[in-house]
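Asker: Structure for the following, please:
(chains A and B)
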Amino acid sequence: SAVISQKPSRDICQRGTSLTIQCQVDSQVTMMFWYRQQPGQSLTLIATANQGSEATYESGFVIDKFPISRPNLTFSTLTVSNMSPEDSSIYLCSVRSSTDTQYFGPGTRLTVL
Amino acid sequence: RKEVEQDPGPFNVPEGATVAFNCTYSNSASQSFFWYRQDCRKEPKLLMSVYSSGNEDGRFTAQLNRASQYISLLIRDSKLSDSATYLCVVTLSGSARQLTFGSGTQLTVLP
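Answerer: Numbering: from 1, shown residues only, chains lettered A, B, ... in the order given. Predicted coordinates:
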């Protein structure tokens, strides 16, 4: 199994600011993803983080709002830019292992005031 | 119509009861099927994959009906520790095979 850590685990931010979330995996993985889980709802895929190239965004998510970096096979960052209260959510990093099982990080709980 | 639909519950059952969750998916090209479990304020964790032939893991049985585009999860002899939200998950074919999540079914097992 893959062990995933995320930093920060939670944050409270002012509107208009940006927050960068880090995701670290204990092994090299090809596929890394970022999800959002809004209060009381299920998970929605934001983007696939591609190593060495631009992330692939899902409908409704854009690079200017959610820039993603993937410098190597064990690390990725997601930035939530120019935040508004509607961005309050849990942001989860996820990876797909060599056995095709998908694992999730513990999540970053973001509150925007 | 949502891609993956589940009865949100909540299901409140006594210990020892048998409980079944249902899930339907809209895309007939869906390739892989899973049940994930999410405890309160925790990340989702894979409970089991779902195969066309059906599969069992201890007290848990998962079944897939491709013709009806329907997935089920049966929990027998439920324990207090089974209390969680159960997420039905499907993937489409293709290299990315992103997971598509249902909204989840909340289960509370009562003493």
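
Asker: Which residues of chain B lie near chain A?
Answerer: B:42-46, B:87, B:96, B:98-104 (CB under 8 Å from any CB of the partner chain). Where C-beta positions appear, they are placed from N, C-alpha and C, glycine not excepted.

Asker: same question for the helix or strand where residue A:45 lies, mean pLDDT?
Answerer: Per DSSP states H and E: residue A:45 is located in strand A:43-49. When pLDDT is averaged over strand A:43-49, the result is 94.

Asker: what's it packed up against?
Answerer: For strand A:43-49, the packing partners by 3 or more CB pairs under 8 Å, 6 or more residues apart in numbering or on different chains; DSSP states H and E come out as strand A:31-37, strand A:56-57, strand A:68-72, strand A:75-80, strand B:99-101.

Asker: Listing partners with orientation, what would you give for the worst-scoring helix or strand of chain B on mean pLDDT?
Answerer: Sorting the helices and strands of chain B by mean pLDDT, DSSP states H and E puts strand B:99-101 at the bottom, at a mean of 90. Using DSSP bridges, strand B:99-101 pairs in its sheet with strand B:84-92 (antiparallel).

Asker: Could the C-alpha coordinates of the strand it pairs with be exported in CSV?
Answerer: Taking C-alpha atoms only, strand B:84-92 is exported to CSV below (Å, rounded to 0.1, in the frame of the first residue of the first chain):
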residue,chain,number,x,y,z
ALA,B,84,-19.4,4.7,8.2
THR,B,85,-20.3,6.2,4.9
TYR,B,86,-20.1,3.6,2.0
LEU,B,87,-19.1,5.0,-1.4
CYS,B,88,-20.0,3.3,-4.6
VAL,B,89,-17.2,4.0,-7.2
VAL,B,90,-16.9,3.3,-10.9
THR,B,91,-14.3,3.9,-13.5
LEU,B,92,-14.5,4.2,-17.3
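
Asker: That's all I had, so thanks and see you.
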